[in-house]
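Asks: Need the 3D shape of this:
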Amino acid sequence: MDADPLFLTQKPNNQFLATLVDYYFYVDVDRTQQGLDQELIIPCPRITFGYFFNYPFTATNHTLNQSATVNMAISRISTQQITVQPQTDRVKIIGAHVQPHCLAYLTKQPVSSMPWLINTTELFQTTATDFQQRIERCRQPEQMFNEVERVFLDNMMIRDLSLITKAIELIEKSAGTIPITQLAHQLDVSERTIRSQFQDHVGCSPKEYIRLVRLQQVAYQLRHSPDSLTDIAYKNDYFDQAHFIHEVKDITGMSPGQLRKQIPTLRFLQF
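Replies: Predicted coordinates for the structure are as follows:
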């Protein structure tokens, strides 16, 4: 387990889950002391599961002009502009950042038919309520991580998702620069098949997913690299600065320069 006074993480123990779950995470902080307030969620190519105990968050989708207050939810892969805001003075979360097709192992419902913020209790019913009862009995983060892993393993379905898995691998290996035509050619399937696979198992189009992978690279470089915005744009195959600015602002609502200033203050990013 990685030790951080504010943000504990742990990799899965199970070998198969390690291919689907980036890491489990646990946060328990005083909101006022840490200055936590409304936070922009930078769209990224991962799904997030979170249980907020008795300290709910309000999530607002500014693209759709919708809000929901939740204590257990799953995010969808999306390029929509979303903020989250804690509703109490304490922030306590147990959760997981998982691969974009992980949800397709847990339900056969097409992911594209689900809402932008998935109510975990509505989707999984008694499985979710049983998990909630078990997690509330835990006293240590390690116990909670074990319960998260247990609920994943107990509910994983046997499905052949090899095509979407390979498509995601190729997109991420290319850092979001591979054209859909080339992706279909390498997988020896039609572009229509690729689009169908993404809608059913990821919940977005392959083009949207490619944009998010690219944005993830950009966000990482904005946070960790001293390179100029122009250099970052060309390193990520944006054909000019105007295209780069438009693309980043279209997804995040901020210019690359504004995003670079904001990223160090954002608490729950995966960059």
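Asks: Near the residue nearest to Glu172 when sequence neighbours are not counted, how many other residues are there?
Replies: Setting aside the residues directly before and after it, Glu172 is nearest to Val213 in space (CB to CB, 6 or more residues apart in numbering), at 5.7 Å. (C-beta placed from N, C-alpha, C; glycine too.) Using other CB atoms under 10 Å, Val213 has 22 neighbouring residues.
Asks: SS state for Val213?
Replies: helix (DSSP: H, G, I helix; E, B strand; the rest coil).
Asks: so it touches Glu169, yeah?
Replies: No: Val213 is beyond contact range of Glu169, at 11.1 Å (criterion: CB atoms under 8 Å).
Asks: Distance of the residue nearest to Thr181 when sequence neighbours are not counted relative to Arg214?
Replies: Distances taken as CB to CB, 6+ apart place Glu191 nearest to Thr181, at 6.6 Å, with adjacent residues excluded. According to CB to CB, to the nearest Å, Glu191 and Arg214 sit 19 Å apart.
Asks: Please tell me the pLDDT value assigned to the closest residue to Ala104 other than its chain neighbours.
Replies: In space, and not counting its chain neighbours, Ala104 is closest to His201: 4.0 Å by CB to CB, 6+ apart. At His201, the model reports a pLDDT of 97.
Asks: picking that back up, which ones are touching the residue nearest to Glu172?
Replies: In this structure, Val213 makes contact with Pro45, Ile171, Glu172, Ala175, Gly176, judged by CB atoms under 8 Å, 6 or more residues apart in numbering.
Asks: quick check: domain ranges of the protein?
Replies: Following automatic domain parsing, the chain resolves into domains at 8-155, 162-265.
Asks: And the contacts of Val213, which two are furthest apart?
Replies: Greatest spacing in the contacts of Val213, by CB to CB: Pro45 and Ala175 (11.1 Å).
Asks: and Val29, that's in a helix?
Replies: No: going by three-state DSSP, the assignment for Val29 is strand, not a helix.
Asks: neighbours of it, just the number please.
Replies: Neighbour count of Val29, defined by other CB under 10 Å: 17.
Asks: if I look at it, how far off is Pro179?
Replies: Remark: distance between Val29 and Pro179 (CB to CB) = 43 Å.
Asks: picking up where we left off before, name the nearest of the contacts of Val213 relative to Gln109.
Replies: Distance to Gln109, by CB to CB, is smallest for Pro45 among the contacts of Val213, at 20.7 Å.
Asks: could you check the distance from the closest residue to that closest one other than its chain neighbours over to Val248?
Replies: Spatially, and ignoring its direct neighbours in sequence, Pro45 is nearest to Leu212 (4.2 Å; CB to CB, 6+ apart). According to CB to CB, Leu212 and Val248 sit 12 Å apart.
Asks: who's more crowded, the two?
Replies: Using other CB under 10 Å, the more surrounded residue of Leu212 and Val248 is Val248, with 28 against 23.
Asks: Flag the shaky bits of this protein, pLDDT-wise.
Replies: For the chain, the stretches with pLDDT under 70 are 1-5, 34-35, 264-271.
Asks: Do a quick rundown of the helices in it.
Replies: Applying DSSP state H to the chain gives helices spanning 31-34, 120-124, 126-137, 141-155, 162-173, 180-187, 191-201, 206-224, 229-235, 241-252, 256-262.
Asks: which residues touch the last one?
Replies: The contact list for helix 256-262 (CB under 8 Å, 6+ apart) reads 40, 42, 218-219, 222-223, 229, 232-233, 244-245, 248-249, 252, 254.
Asks: quick one: which two of those are the most distant?
Replies: Pairwise distances across those peak at 21.2 Å for Leu40 and Ala233 (criterion: CB to CB).
Asks: mind listing what Ile232 touches?
Replies: Val218, Gln221, Leu222, Ser225, Phe244, Pro256.
Asks: Now the buried members of the residues you listed.
Replies: Buried members of the contacts of Ile232, scored by 16 or more other CB atoms under 10 Å, are Val218, Gln221, Leu222, Phe244, Pro256.
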